[in-house]
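Chemist: Need a 3D model of the sequence below.
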Amino acid sequence: MWYYYDEFDRHYLLNRKDLALEKHQEVISRAASEERCFLCGCRRDVSLKLVPFRLSGNGIDGKPRVCLKRHRKADPHLVGCFAETLEAVFEPQSRSTVIYTENMLTEEVSPVAEPTGGSVPGASKEGGRRYEDLTHFLQAQYTRASLEAFSSANIGKSFRDTGLVHPSRSMVFGRMAELFAEPLLSRGRSLEAVLTELGLQLFWGLTAQPLVQESDRPLEDDEVLEFRIGGHWECRGFQPVGSLMEISPAVLANSSGKAKAMGYVIPPPYFYAALVQPEGGVSRVIHLFRIPVIDVGHCFFSVESNAERGPIRVLSNTGVVALLKLHVHGDLRALGRELWPFATDENGHLPSRPDLIAFWHGKVRIVYLTDSVSEKYHQDVDRSVSILKLFLATPDVLVKKIPAKSFTPESWVQLLA
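Modeler: You can find the predicted model right below:
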């Protein structure tokens, strides 16, 4: 027996056909009128949204008929769950247009200068853009996990609601672990399966270690850098026991992830991901990815300059502003239609990537934070603001350009109003 539940009660059924019974029709119809969602009861460790909707036409009794949809096709319902056969609300086509190959897991030993994380895609026989860049993969999955975790943390709410909250670190990292078990690589394989086959592991988490300064220090050819990580995440979940990491000069020089701005190092903390080869009691690093973040309470946000940390900290401390921070372009449709009913392109992207998306007082504020005296920089930001205003064209969204240094605990209300 399976069930779906809401804030009022659990509703049991034996199979999908039971949704047509009058008692379920009344519950689902009421939820549809109130624009409420349900949660599937097949799993309690993951929030799996079920969305009520009205069917075309009426039943034999003349009453409108209603049913449920899954939030997305790839939601990990348990085998045999009635929701397995439900239609998805949407399934963004963009997720099938990028193909990641297993080649991205090979050792990288060519020194490069602070890569941006985007590789040049090539033609693919599988019908999409082919990427062999682990950095691009990690950026994309982290951004996707952040969006989907935000949706799960605010299930049943819309952008107009007060009390929207940030997802916790464990929600974001846990969703990443789930994604790594999905068939995201070529030939329908999962990252977890390929790593197991190759005898590799992927560790990720937050660290206060100065990984960028370490990568700037040249090592001798026969020298290695050792550092220890504490509790961290792997594909199998959170691991409370740390690990001793060993990194060679070539891999250290090739560390990826943008951690410098205007020639200056953005200090820790960092979100990191390390592809490692276990050897005895040491994990030999094959690929190291790290980006600066701000760690606020039980959540964290990526940043692209140290100046961004101030506004994010101010807004997070208010307790009434919910923030989204896109590390790279992400599919905003993952938020669901309640949280993001606004325009996107065919990939779910905005025409430019803002510094912050803030939900406050029933409106969405899209913010570009400025921290430069460069005239060209300000011209580019002004152009992005104008384009985005025309693209969205709704009074529910305000697009603003704000100097980062203006954010103070006393001024943020005026700046976002």
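Chemist: What are the buried residues along the top strand by length along the chain?
Modeler: Taking DSSP state E as the criterion, the chain has its longest strand at strand 282-296. Under the neighbour-count criterion of 16 or more other CB atoms under 10 Å, strand 282-296 has 283-296 buried. To be clear about C-beta, it is placed using only N, CA and C from the backbone, and glycine gets the same treatment.
Chemist: Helix or strand next in line after that strand, which one?
Modeler: Downstream of strand 282-296, the first helix or strand assigned by DSSP states H and E is strand 299-302.
Chemist: picking up where we left off before, which strands and helices sit next to the longest strand of the chain?
Modeler: Packing partners of strand 282-296 (3 or more CB pairs under 8 Å, 6 or more residues apart in numbering; DSSP states H and E): helix 134-153, strand 201-207, helix 211-216, strand 243-247, helix 249-253, strand 270-279, strand 299-302, helix 309-318.
Chemist: Present those as CSV; the columns should include mean neighbour count and distance to Lys325.
Modeler: Converted to CSV, the helices and strands packed on strand 282-296 look like this (neighbours: other CB atoms under 10 Å; distance: least, CB to CB, whole Å):
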stretch, mean neighbour count, distance to Lys325
helix 134-153, 23, 8
strand 201-207, 21, 15
helix 211-216, 17, 20
strand 243-247, 19, 27
helix 249-253, 19, 27
strand 270-279, 21, 11
strand 299-302, 23, 4
helix 309-318, 19, 7
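Chemist: To Ala393, which of those lies closest?
Modeler: Closest of the helices and strands packed on strand 282-296 to Ala393 is helix 134-153, at 22.6 Å (criterion: CB to CB).
Chemist: where's that closest one relative to the chain centroid, distance-wise?
Modeler: Mean C-alpha position of helix 134-153 versus that of the full chain (CA atoms, centre = their mean, to the nearest Å) differs by 2 Å.
Chemist: cool, stretch 269-288 as well?
Modeler: Here the centre of stretch 269-288 is set off from its chain's centre by 22 Å, with CA atoms, centre = their mean.
Chemist: Can you give me the neighbour number for Val224?
Modeler: 16 (other CB atoms under 10 Å).
Chemist: Greatest separation within the buried residues of strand 282-296: which pair is it?
Modeler: Maximum distance among these (CB to CB): 33.2 Å, for Arg284 and Val296.
Chemist: Can you flag the weakest of the helices and strands packed on strand 282-296 by average pLDDT?
Modeler: Mean pLDDT is lowest for helix 211-216 out of these, coming in at a mean of 68.
Chemist: Let me see the contact set for Arg236.
Modeler: Counting by CB atoms under 8 Å, 6 or more residues apart in numbering, Arg236 touches 177, 192.
Chemist: Can you list the buried residues in the helix or strand hosting Val27?
Modeler: Assessed by DSSP H and E, Val27 sits inside helix 22-33. Under the neighbour-count criterion of 16+ other CB under 10 Å, helix 22-33 has 24-25, 27-29, 31-32 buried.
Chemist: Show me what that helix packs onto, helices and strands only.
Modeler: With contacts defined as 3+ CB pairs under 8 Å, 6+ apart, helix 22-33 has these neighbours: strand 10-13, strand 49-58, strand 64-70.
Chemist: So which of these is the most surrounded?
Modeler: strand 64-70 (a mean of 19; mean count of other CB atoms under 10 Å).
Chemist: How far off centre is that one?
Modeler: Centroid separation for strand 64-70 versus its chain: 28 Å, with CA atoms, centre = their mean.
Chemist: So which residues make contact with it?
Modeler: Strand 64-70 is contacted from outside by 4, 19-20, 25, 28-29, 32, 38, 48-55, 57-59, 77, 83, 86-89, using CB under 8 Å, 6+ apart.
Chemist: quick revisit: okay if I get the helices and strands packed on helix 22-33 as CSV plus distance to Ala181 and mean pLDDT?
Modeler: Listed next are those as CSV, based on distance: least, CB to CB, whole Å; pLDDT from 0 to 100:
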stretch, distance to Ala181, mean pLDDT
strand 10-13, 28, 87
strand 49-58, 19, 76
strand 64-70, 18, 84
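Chemist: can I see the domain layout of the protein?
Modeler: Residue ranges for the domains of the chain, per automatic domain parsing: 2-85, 96-295, 299-416.
Chemist: okay, how far is it across the shortest one, tip to tip?
Modeler: So the one you mean is domain 2-85. One end of domain 2-85 to the other measures 13 Å (CA to CA, to the nearest Å).
Chemist: Find out how far it is from the centre of the chain, if you would.
Modeler: 26 Å.
Chemist: now the second one
Modeler: For domain 96-295, the separation from the chain centroid amounts to 13 Å (computed by CA atoms, centre = their mean).
Chemist: And stretch 262-270, end to end?
Modeler: 18 Å.
Chemist: I meant stretch 147-162, not that one.
Modeler: Taking CA to CA, stretch 147-162 runs 18 Å from one end to the other.
Chemist: Touching it from outside, list them.
Modeler: 6-7, 35-37, 39, 46-47, 49, 71, 163-168, 171-172, 174-175, 320, 322, 324, 326, 330-332, 334-336, 338-341, 359, 361-364, 396.
Chemist: Buried subset of these, written for ChimeraX?
Modeler: In ChimeraX, a selection of the buried entries from these looks like this (16+ other CB under 10 Å):
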select :6,36,37,39,46,47,49,71,164,166,167,171,172,174,175,322,324,326,330,331,332,334,335,336,338,339,340,359,363,364
